[in-house]
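Trainee: 3D model of this:
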Amino acid sequence: MFTDQASIFHEYELGKLDRLLSHVLIGGPLVAALWLVAPRLAALAAATLWAHVVADLYQDIRDVRESNASLG
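Mentor: Numbering: from 1, shown residues only. Model (predicted):
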């Protein structure tokens, strides 16, 4: 169920910021549209999207800190 991003996306296919932007651009409107049909499900989807974006940001920060530590 949990997979490393590198095993899904190749480095040249989708950058870190591109991936996060796609989450917001696709997930945001989908949650808004879902809210009209099923507000409780939309709230669950919004919470899931938020947790996913936070997890991605956390991993990206870890990657940056790791690469900076190897430089210094």
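
Trainee: mind listing what the residue most central in space within the chain touches?
Mentor: In the chain, the centroid-proximal residue (C-alpha atoms, centre = their mean) is Val53; its distance is 3.5 Å. Val53 sits next to Leu20, His23, Val24 when contact means C-beta atoms under 8 Å, 6 or more residues apart in numbering. C-beta here means a position set from N, CA and C on the backbone, and glycine is covered the same way.

Trainee: Can you give me the buried ones in stretch 46-54?
Mentor: Ala46, Leu49 (16 or more other C-beta atoms under 10 Å).

Trainee: related to what we said a few turns ago, separate out the buried members of the contacts of Val53.
Mentor: Leu20.

Trainee: would you list every one of the helices in the chain?
Mentor: Secondary structure of the chain (DSSP state H): helices at 5-8, 16-37, 39-71.

Trainee: Show me which helix or strand of this protein is least confident by mean pLDDT.
Mentor: Least confident helix or strand, the chain: helix 5-8 with a mean of 62, by mean pLDDT, DSSP states H and E.

Trainee: Just give me the lowest mean pLDDT stretch among the helices of the chain.
Mentor: Lowest mean pLDDT within the helices of the chain: helix 5-8, a mean of 62.
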